[in-house]
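Asker: coords please:
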Amino acid sequence: DGDKTITPTAEKLNAFYRYCRSRASQEVCKQYLRYLAKPLDKNNRWSITAYKKYYRWLCEEKNVEQACILFKKIKSLRSRPDLYVPGLDEVLETISRAEEPYRTVYRYLLITGLRLNEVTFLLSNIDRLRMTRLDGFYRIETDLERGTKKSFVAYTIELPEKIVIEPHSVTKYSQRNKLLQPKYFRKFVATQMAKLGIPDRAIDFIQGRRVITIELKASV
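Answerer: From the prediction side, this is the model:
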C-alpha cells in the first residue's frame with residue numbers, strides 16, 4: 001500500500017544522519033531528525049522536507065520501493081515570494097541592539113551575505129574549516145549543499161571567533177526581541193552589491209547560488 005507510512009527506526013535514523021552530514025551541516029541534519037521523530041506534518045515545511053529527504057534516501061540508497069512511492073506522494077508547500085528588502089538603518093539597529101552571541105551572528109550575516117544556516121555553520125566550525133588569506137580579506141571553504149541551496153565559500157574581512165549556536169535559536173531571538181529576521185540580511189547584501197554594479201553572476205556565486213566556471217584558453 002503506497003499510502004502506508006514508514007516509521008523511522010533508530011538504526012535507520014543514524015544511517016540517514018551520516019548520509020545527511022555528507023551533504024549538509026550538522027545543524028540542518030539534527031533539525032531533520034527532530035522532525036522525523038514526530039509524525040509528518042503536511043502544514044510544516046521543515047517536516048515535509050525532512051520526510052521527503054528521508055524517503056528519497058530510503059528509495060535511492062536502500063532500494064525501499066514503498067519509500068519511492070511515499071516520496072512522490074508528499075507535496076512541498078508553495079510559498080509566495082517575499083520581496084521585502086530592509087534599509088541600512090534597520091540592519092544597523094538590529095546589530096546594535098542585539099546581545100552576544102547573536103550580535104556576532106548578525107554581523108557575519110551582513111559581512112558574508114550568506115544564509116543563517118551557513119553563517120552558524122561557519123561560526124561553529126571556524127576552527128576546522130580551510131581558509132586562505134587574500135589581499136585584505138579571507139576566503140573560507142564551507143562546501144555546504146542542501147538541495148538547491150549551496151554555499152561553497154565564505155568571504156570575510158576578518159576571522160570570527162568560534163561560536164557554537166543553532167539557527168533556530170537566532171530566529172527565535174529575533175522574533176522575541178522584534179529584531180530584523182536573519183533572512184533579510186542576505187537580501188540587503190545582495191541589493192547593495194547590485195547597487196555597486198557587481199555582476200549578478202558574481203553576487204550569485206558569493207551568496208552560494210551558482211558555481212562560476214572559468215575557461216582558460218591556451219594562447220597561440
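
Asker: buried set for stretch 170-181?
Answerer: By neighbour count on 16 or more other CB atoms under 10 Å, the buried set for stretch 170-181 is Val170, Tyr173, Ser174, Leu179, Leu180. Where C-beta positions appear, they are placed from N, C-alpha and C, glycine not excepted.

Asker: which among those gets closest to Ser151?
Answerer: Checking the buried residues of stretch 170-181 against Ser151 by CB to CB gives Val170 as the nearest, at 16.4 Å.

Asker: can I assume that closest one sits in a strand?
Answerer: No: read with DSSP: H, G, I helix; E, B strand; the rest coil, Val170 is helix and lies in no strand.

Asker: Spit out the contact partners of the residue most central in space within the chain.
Answerer: The chain has Asn117 as the residue nearest its centroid, 3.8 Å off, counting by CA atoms, centre = their mean. By CB atoms under 8 Å, 6 or more residues apart in numbering, the residues touching Asn117 are Ser25, Glu27, Val28, Leu144, Arg146, Lys149, Pro167.

Asker: Leaving out sequence neighbours, find the closest residue to the fourth one.
Answerer: Looking back up the chat, that one is Leu144. Ser151 (4.3 Å; CB to CB, 6 or more residues apart in numbering).

Asker: ok, so what distance separates the one you found from Gly136?
Answerer: 22 Å (CB to CB, to the nearest Å).

Asker: quick one, which of the two is more surrounded?
Answerer: Ser151 (24 against 6; other CB atoms under 10 Å).

Asker: Now the more buried one: which helix or strand?
Answerer: Using DSSP states H and E, the element containing Ser151 is strand 149-156.

Asker: Show residues contacting that strand.
Answerer: The contact list for strand 149-156 (CB under 8 Å, 6+ apart) reads 108, 111-112, 114-115, 117-119, 122, 137-145, 205-206, 208-209, 211.

Asker: pLDDT weak spots in the chain?
Answerer: Along the chain, the parts satisfying pLDDT under 70 run over 1-4, 79-80, 146-148, 210-220.

Asker: one more time with 80, if that's ok
Answerer: For the chain, residues meeting the criterion pLDDT under 80 lie at 1-5, 25, 27, 77-83, 145-151, 208-220.

Asker: where along it do the strands fall?
Answerer: Assigned by DSSP state E, the strands in the chain fall at 131-133, 138-146, 149-156.

Asker: out of the ones you listed, deepest packed?
Answerer: Compared across the strands of the chain, strand 149-156 shows the largest average neighbour count, a mean of 19 (mean count of other CB atoms under 10 Å).

Asker: Parallel or antiparallel, list what pairs with it.
Answerer: Taking DSSP bridges as the criterion, strand 149-156 forms sheet pairs with strand 138-146 (antiparallel).

Asker: and the strand it pairs with, how far from the chain's centre?
Answerer: 11 Å (CA atoms, centre = their mean, to the nearest Å).

Asker: now stretch 165-180
Answerer: With CA atoms, centre = their mean, you get 15 Å for stretch 165-180.

Asker: Stretch 172-186 too?
Answerer: Using CA atoms, centre = their mean, the offset of stretch 172-186 from its chain centre is 16 Å.

Asker: Between the two ends of it, how far is it?
Answerer: 18 Å (CA to CA, to the nearest Å).

Asker: ok, back up a step: dump the strands of the chain to CSV, plus distance to Tyr35.
Answerer: Formatted as CSV, the strands of the chain follow (distance: least, CB to CB, whole Å):
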stretch, distance to Tyr35
strand 131-133, 33
strand 138-146, 14
strand 149-156, 17
